[in-house]
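*Asks:* give me the fold of what follows.
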Amino acid sequence: MFTPEELAAIPLFSTLSPAKLTEVAKHAADIRLGPGDYAVHEGEDPALFIVLSGLIEVIRRADGIEQKVGERGPGVMHGEIPLVFGVQFQVASRALEQTRVLRLDARHYYALAADAPEIAKAVRESADHRVSGGAADRAGDEAL
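*Replies:* Sure thing, here's the model as predicted:
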């Protein structure tokens, strides 16, 4: 479980009020993954993930062949495209090492985004960047 103080240290949430941080803390899942463990599979419902430590790789399968399409390191989000465009995950992600991620389901993300337009804007910008060819999609992507 997250504390409001831990959440305030995440750049995406740093502008939220203590009350909003407490609300997010109630609903955010604290997931710990070992190497090879999946955070999300292709076809799952939208959710927001933020890597807190470790590293995940983003993969897609085409004709049964797995292809790595990016990585996410600490502070970097994953899941913004399904949230913004209202689709299921078109990719999967799994840990490359011991990794800790925050997961906020779509219902709670949308409620947060409605109350905190800066969150919605940051997630939208990240989704637009990835869709428009920000395919440099590496762990070094700017932490949001």
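*Asks:* now the residue of the chain most remote from its centre: how far from residue 81?
*Replies:* Most distant from the centre of the chain: residue 63, at 26.1 Å, with distances by CA atoms, centre = their mean. The gap separating residue 63 from residue 81 is 22 Å, by CB to CB, to the nearest Å. Quick note: C-beta positions are derived from backbone N, CA and C, even for glycine.
*Asks:* residue 125 too?
*Replies:* 12 Å.
*Asks:* what's the answer for residue 88, then?
*Replies:* From residue 88 to residue 81 the distance is 10 Å (CB to CB).
*Asks:* what about the strands in this structure?
*Replies:* 29-33, 38-40, 47-53, 56-62, 65-72, 77-78, 92-95, 99-105 (DSSP state E).
*Asks:* go through those and pick out the most buried.
*Replies:* Ranked by mean neighbour count, these are led by strand 77-78 with a mean of 26 (mean count of other CB atoms under 10 Å).
*Asks:* what's the spacing between that one and its chain's center?
*Replies:* Taking CA atoms, centre = their mean, to the nearest Å, one finds strand 77-78 lying 3 Å from the centre of the chain it belongs to.
*Asks:* what is that strand packed up against?
*Replies:* strand 47-53 (3 or more CB pairs under 8 Å, 6 or more residues apart in numbering; DSSP states H and E).
*Asks:* run through who's touching the strand it packs on.
*Replies:* 10, 12, 39-40, 56, 72-80, 82-83, 93, 98-106, 109, 123 (CB atoms under 8 Å, 6 or more residues apart in numbering).
*Asks:* residue 88 and residue 81: who's more crowded?
*Replies:* Ranked by neighbour count (other CB atoms under 10 Å), residue 88 and residue 81 place residue 81 first, with 19 against 12.
*Asks:* excluding sequence neighbours, find me the nearest residue to the residue sitting nearest the centre point of the chain.
*Replies:* Nearest to the mean C-alpha position of the chain, by CA atoms, centre = their mean, lies residue 49 at 2.3 Å. Leaving aside its chain neighbours, residue 49 sits nearest to residue 78 (4.2 Å; criterion: CB to CB, 6 or more residues apart in numbering).
*Asks:* done for today, thanks.
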